[in-house]
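Peer 1: I'll drop the sequence and a predicted model, then ask my questions.
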Amino acid sequence: MTNTPGRGVLFVYSGPSGVGKGTLKEKLFAEFGDRLRYSVSATTRAARPGETDGADYFFISRQEFLHRVANNDFLEYAEFAGNLYGTPRSYVEGLLSAGTNVLLEIEVQGAMQVKRRMPESVSVFVLPPSFEELERRLRGRATETEEKIRERLETARRELECAKDYDYRVVNGADISAAYAELRRIFLAESGEETSHAN
Ligand code: 5GP
């Protein structure tokens, strides 16, 4: 992906629930937090225990969300599991024009909208080693009802079909450090940081 000089790179990052993408993302920010910014999305879903407004999401009402859609305030938005999620356009565009790299962690429909609008963005999909392994991990959480687990698995199956449309696919198997090494390599290569880190 060639990017305009001086402009930040937009990373679009997706993967099914239970694949470990949160942990990989945390590792990336722990290492590159000084040159990568996370875009906090707006959502209509309720905050989960431990989540903070403005840090995890901007928690807003459906009415407010639709008002922002009408104002063209979102770079992309999508409905997922009955809730709306959207990426604030001005925040992301401001950072990119200022030369800062930005990462969006979004689901597949939104990712495809971003790819259409900003083909120079770099998309990464995190895959489980197999569907059976994803099922095992989701069941391992054991906090959800069978119906919820089935719903998540069905959503995951549909999401996995979209993996082929991403620029990169990273398999998170038994060894998370191998998956992280791959994600890191993609970040360094695509953000043009490679040279400053080579030794
Ligand atoms: P959760 O409710 O578990 O935090 O997120 C559900 C899904 O919505 C995840 O796949 C997450 O990546 C995605 N998501 C979070 N923010 C956005 C957003 O701004 N736009 C889109 N399209 N998806 C989002």
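Peer 2: Thanks, I have it. What you see is a predicted model, and the numbers here were worked out from it, not measured in a lab.

Peer 1: backbone dihedrals for the closest residue to the ligand within the chain, please?
Peer 2: The ligand sits closest to Gly110 of the chain, with a gap of 2.3 Å, by Cβ to the nearest ligand atom. C-betas here are computed from N, CA, C, even on glycine. Per-residue torsions, Gly110: phi -70, psi -40 (degrees, to the nearest 10).

Peer 1: just the pLDDT at it, thanks.
Peer 2: In this prediction, Gly110 carries a pLDDT score of 98.

Peer 1: and it, what does it touch?
Peer 2: The contact partners of Gly110, by Cβ atoms under 8 Å, 6 or more residues apart in numbering, come to 76-78, 85-87, 104.

Peer 1: Ser123 in helix, strand or coil?
Peer 2: Following DSSP: H, G, I helix; E, B strand; the rest coil, Ser123 is assigned to strand.

Peer 1: please look at it and Arg169 and confirm they touch.
Peer 2: No. Applying Cβ atoms under 8 Å as the test, Ser123 and Arg169 come out as separate, 9.7 Å apart.

Peer 1: what about these two, which has more around it?
Peer 2: Ser123 (23 against 14; other Cβ atoms under 10 Å).

Peer 1: thinking again about what came up before, how close does the residue of the chain closest to the ligand get to Val102?
Peer 2: 14 Å (Cβ to Cβ, to the nearest Å).

Peer 1: and the closest residue to Val12 other than its chain neighbours, what's its pLDDT?
Peer 2: In this structure, Val12 finds its nearest non-sequential neighbour in Ser123, 4.3 Å apart by Cβ to Cβ, 6 or more residues apart in numbering. Ser123 carries a pLDDT value of 98.
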